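Trainee: Just need the structure, nothing else, for what follows:
(chains A, B and C)
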Amino acid sequence: MAAPTKPKPSATKSPASPAKKSTQSGGGSSTPSVLQGSTSGKNWFEEGGDASGWKRGGEKWQTLHHNGVIFPPLYEAHKVPLTYDDKDILLPVDCEEVATMFAAMKNTDYAKKEIFQKNFMKSWRRVLKGHAETEHIKHFNKCNFTKMAEHLADQAEIKKAMTGDQKKAAKAERDRLEEPFAFAVVDGRKEKLGNFRVEPPGLFRGRGEHPKMGQLKARIFPEDITINLSEDAEVPQVPDIGDGKKHKWGEVVHKNTVTWLCKWKDSINGEDKCVWLSANSSWKGMSDMAKYEKARKLKDHIAQVRKDYAADMKSSDVARQQKGVTVYLIDRLALRVGGEKDTDEEADTVGCCSLRVEHVKECATENMLHLNFLGKDSIEYDNTTEVIPEVMELIKKFQKKKKPTDNLFDTVQPTVLNDYFHTIMDGLSAKVFRTYNASITLCSELAKTDAQVSQSMKDKKGAEAALYEYYNIANKNVAELCNHQKAASPAHDAAMEKLREKVATMELELKAVKKEKNASKTSQLEKRIDKAKEDMEMKDRLKNVSLGTSKINYNDPRITVAWCKRHDVPIHKPFPKTLLSKFSWAMAIEPEFKF
DNA sequence: AGCACCACTTAGGAGGCAAAAT
DNA sequence: ATTTTGCCTCCTAAGTGGTGCT
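Mentor: Residues are numbered from 1 along each chain as shown, chains lettered A, B, ... in the order given. Coordinates of the predicted model:
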């Protein structure tokens, strides 16, 4: 089984050396951190340990050592001109930098949008105004970035033309330089970082109709960075970022109740960007296990929740009715809770509590409700589903005397629901229902296949592939429940057409074979045709379903591990390398495990 | 009660690479 | 041998939810 952290024998000394003293003293303080006792070299989950010590706001570490962050290189001028009003202009380097960002995106959908162009111009103008020779560049329509775009294409071509060996060598060299930044030492354990590169400056690409798309995201300097490590740790040297200036860290703190190593403020939304450990670290693993254990606990309380919302809907109090319906939707449709958003600053997306009158419609068919709205990441939720009559009646009532753009549930905010959920179960919040629903769906879907599979598949050729197909269907059902989507590949339609042609050819062949009255050949071919048709249907259904998101974030990995053990499916089929390592805590589960 | 702030999880897309198909 | 496909990793945006302050 893959250990979550494989110490590389070839690892450079730093940052491992300063942690030695804490390793010897097993943490070195009388107050244990969540992982204290892990100095035996075993993983946290191998010591009969669980994740119950994992708490937000709780102590996370005794000692924390790391080397800070890597900064992106400063911009280097290419001196390819901008064409403005049909005249070539060589831009000062700071103006050229921003212009080049646009040139790089010239042919994307973003760059064709008016808001993007407007925001870009506003950001760029601030730089252009700083120079007498560029002050006159004011109108986007007079700007032609073609020469810069061609230059970038040439550069890409050169890079692409490198041989495989050259690419490998370049990558190895990069890895060597970055290795010291790629790991931290937490209470004496070496742990991999998830990210350690400061985000480079660029034009903001929001999702959907984001009002800030195209704005310049500013370059981050050491002064913007807060470093978090233990007091006994050496503060990492501020790297030479190449501008010849002496830089300092913004702040150095020693907060051991948090798990971020570095952070800075993003210039677009003023939000914190953090450096965290990677998904296969002990911290993330414990947090993950705690999440699934909490979701499993909900099984013992779900009946109460359902009883409560049935009663709430019968109440004459509108606030209670609205609470009842929203909890119903969160429970039955696995909707996100939907906090308030500021549409001047963010894309207009909604979740359960922020649904508007316009997002919900009664269908002609009785008790069928049609929901259509943009959710997280501006992904469309479009679902027609049966609801209980009470829900339909109440929704119609909440819509009365309201404009399409009014909130459907004007008395419920996420806090109202979460305050209620806290009374049901410790730590229960709206998002737990998504985890619960996803995992219990996967578990029951896979259980369904257990019986079929054991009878019809065992000992047959191709059993493993067929089994794995069952798994994928179960996974797909969860993804559809959670509305996890992806853009269909641009080649999808063409690929489907090809498959159709293939089937048509086989069908012609079948006719010929039938004429020959070759029975064994006939039945063979029929099977092949059926299989090809099935594959085609599946491919089409999955064209914009994303299986990865539920696998990574919602499905208790123990369900998958147990199922693989029951059916002798190699675990690397559903969990390739990185997932195996992320879920290492789940590998020892017994085959009978039920979520 | 409402809000700002903070910590952390969840999310899809881009791009690179390797396996599969031709 | 070359093209196509599909998978994986990286990137960073976009959510949720808790806390503490006014």
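Trainee: Check which helix or strand whichever residue of the stretch 51-200 of chain A sits closest to DNA strand B maps to.
Mentor: For the stretch 51-200 of chain A and DNA strand B, the shortest gap (CB to the nearest atom of the strand) falls at A:Lys167, measuring 4.6 Å. No exception for glycine: its C-beta is placed from N, CA and C like everyone else's. In this assignment (DSSP states H and E), A:Lys167 forms part of helix A:164-182.
Trainee: Show me what counts as buried in that helix.
Mentor: A:Pro180, A:Phe181, A:Ala182 (16 or more other CB atoms under 10 Å).
Trainee: So what does the residue nearest to the last one when sequence neighbours are not counted have for phi and psi?
Mentor: This means A:Ala182. Leaving aside its sequence neighbours, A:Ala182 sits nearest to A:Leu193 (CB to CB, 6 or more residues apart in numbering; 5.8 Å). The phi and psi values for A:Leu193, taken as degrees, to the nearest 10, are phi -90, psi 150.
Trainee: Same question for A:Gln399.
Mentor: phi -80, psi -20.
Trainee: Tell me, how many residues neighbour the residue nearest to it when sequence neighbours are not counted?
Mentor: Using CB to CB, 6+ apart and skipping residues adjacent in sequence, the residue nearest A:Gln399 is A:Val357, 4.9 Å away. For A:Val357, the number of neighbouring residues by other CB atoms under 10 Å comes to 17.
Trainee: quick one: contacts for A:Val357?
Mentor: A:Phe398, A:Gln399, A:Lys402, A:Lys403, A:Pro404, A:Thr405, A:Asp406, A:Asn407, A:Leu408 (CB atoms under 8 Å, 6 or more residues apart in numbering).
Trainee: farthest pair in those?
Mentor: A:Phe398 and A:Thr405 (14.2 Å; CB to CB).
Trainee: Residues of chain A that sit close to DNA strand B?
Mentor: With CB under 7 Å from any atom of the strand as the criterion, chain A meets DNA strand B at residues A:56, A:60, A:108, A:159, A:164, A:167, A:171, A:255, A:257-260, A:263, A:272, A:274, A:276, A:284, A:287-288, A:291, A:336, A:376-377, A:379, A:431, A:434-435, A:482-487, A:498, A:546, A:549-550, A:553-554.
Trainee: Of the residues you listed, keep whichever come out buried.
Mentor: Counted by 16+ other CB under 10 Å, those give A:60, A:259, A:263, A:274, A:276, A:284, A:287-288, A:291, A:336, A:379, A:431, A:434-435, A:482-485, A:546, A:549-550, A:554 as buried.
Trainee: Those in strands, which ones?
Mentor: Counted as lying in strands by DSSP state E, out of these, are A:Lys263, A:Cys274.
Trainee: Isn't A:Met496 up against A:Arg541?
Mentor: No - in this structure A:Met496 lies outside contact range of A:Arg541 using CB atoms under 8 Å: 11.4 Å.
Trainee: number of nearby residues for the residue nearest to A:Phe183 when sequence neighbours are not counted?
Mentor: Once flanking residues are discounted, A:Phe183 sits nearest to A:Lys190: 5.4 Å by CB to CB, 6+ apart. Other residues within reach of A:Lys190, judged by other CB under 10 Å, total 17.
Trainee: How much space separates the spatially closest residue to A:Leu355 that is not a sequence neighbour from A:Lys431?
Mentor: Nearest in space to A:Leu355, with sequence neighbours left out and distances taken as CB to CB, 6+ apart, is A:Leu408 at 4.7 Å. Computed with CB to CB, to the nearest Å, the distance linking A:Leu408 and A:Lys431 is 20 Å.
Trainee: which residues does the residue nearest to A:Leu355 contact?
Mentor: So A:Leu408 contacts A:Leu355, A:Arg356, A:Val357, A:His359, A:Val360, A:Ile395, A:Phe398, A:Gln399, A:Lys402 (CB under 8 Å, 6+ apart).
Trainee: try A:Lys55
Mentor: Neighbours of A:Lys55 in contact, by CB under 8 Å, 6+ apart: none.
Trainee: now do A:Lys284
Mentor: Shown in contact with A:Lys284 (CB under 8 Å, 6+ apart): A:Trp276, A:Leu277, A:Ser278, A:Lys582.
Trainee: which residue packs closest to A:Lys594, ignoring adjacent ones?
Mentor: Nearest non-adjacent residue to A:Lys594 (CB to CB, 6+ apart): A:Cys443, at 6.3 Å.
Trainee: Just the pLDDT for that neighbour.
Mentor: Confidence at A:Cys443, expressed as pLDDT, is 96.
Trainee: and what of A:Tyr436?
Mentor: A:Tyr436 carries a pLDDT value of 98.
Trainee: repeat for the one 4 residues further on
Mentor: At A:Ile440, the pLDDT value in this model is 97.
Trainee: How about A:Pro7?
Mentor: Each residue has a pLDDT score; the one for A:Pro7 is 34.
Trainee: And A:Asp493, by the same measure?
Mentor: In this model, A:Asp493 carries a pLDDT of 87.
Trainee: neighbours around it, how many?
Mentor: 12.
Trainee: In what element of secondary structure is it found?
Mentor: Assignment of secondary structure by DSSP H and E places A:Asp493 within helix A:492-515.
Trainee: got the buried residues for that helix?
Mentor: A:Leu499, A:Val503, A:Leu510, A:Val513.
Trainee: ditto for stretch A:117-128
Mentor: For stretch A:117-128, a neighbour-count test (16+ other CB under 10 Å) marks A:Gln117, A:Asn119, A:Phe120, A:Met121, A:Ser123, A:Trp124, A:Arg125, A:Val127, A:Leu128 as buried.
Trainee: same check, this time on stretch A:239-252
Mentor: For stretch A:239-252, by 16+ other CB under 10 Å, it's A:Ile241, A:Trp249, A:Gly250, A:Val252.
Trainee: And the residue lying closest to the first one once chain neighbours are set aside, how far from A:Val238?
Mentor: The shortest distance from A:Ile241 to any residue other than its chain neighbours is 4.9 Å, reached at A:Phe71 (CB to CB, 6+ apart). Distance check for A:Phe71 against A:Val238: by CB to CB, it reads 10 Å.
Trainee: Who has more neighbours out of these two?
Mentor: A:Phe71 (20 against 17).
Trainee: if I read this right, that one contacts A:Glu199, doesn't it?
Mentor: No - counting by CB under 8 Å, A:Phe71 does not reach A:Glu199; the two are 10.1 Å apart.
Trainee: Overlap in contacts, these two.
Mentor: A:Ile220.
Trainee: ok, how many other residues are close to A:Arg205?
Mentor: A:Arg205 has 14 nearby residues by other CB under 10 Å.
Trainee: Ramachandran coordinates for it?
Mentor: According to degrees, to the nearest 10, A:Arg205 has phi -110, psi 90.
Trainee: Go ahead and confirm it touches A:Leu216.
Mentor: No - counting by CB under 8 Å, A:Arg205 does not reach A:Leu216; the two are 11.9 Å apart.
Trainee: Mind listing the shared neighbours of the two?
Mentor: Between them, A:Arg205 and A:Leu216 share no contacting residue, judged by CB under 8 Å, 6+ apart.
Trainee: Can you tell me the element A:Leu579 falls in?
Mentor: Using DSSP H and E, A:Leu579 sits in helix A:577-582.
Trainee: Show me what that helix is packed against.
Mentor: Packed against helix A:577-582, as judged by 3 or more CB pairs under 8 Å, 6 or more residues apart in numbering; DSSP states H and E, are the following elements: helix A:282-297, helix A:548-553.
Trainee: Columns distance to DNA strand C and mean pLDDT on top of the ones you listed, output as a markdown table?
Mentor: Below are those laid out as a markdown table (distance: least, CB to the nearest atom of the strand, whole Å; pLDDT from 0 to 100):
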| stretch | distance to DNA strand C | mean pLDDT |
| --- | --- | --- |
| helix A:282-297 | 10 | 95 |
| helix A:548-553 | 7 | 95 |
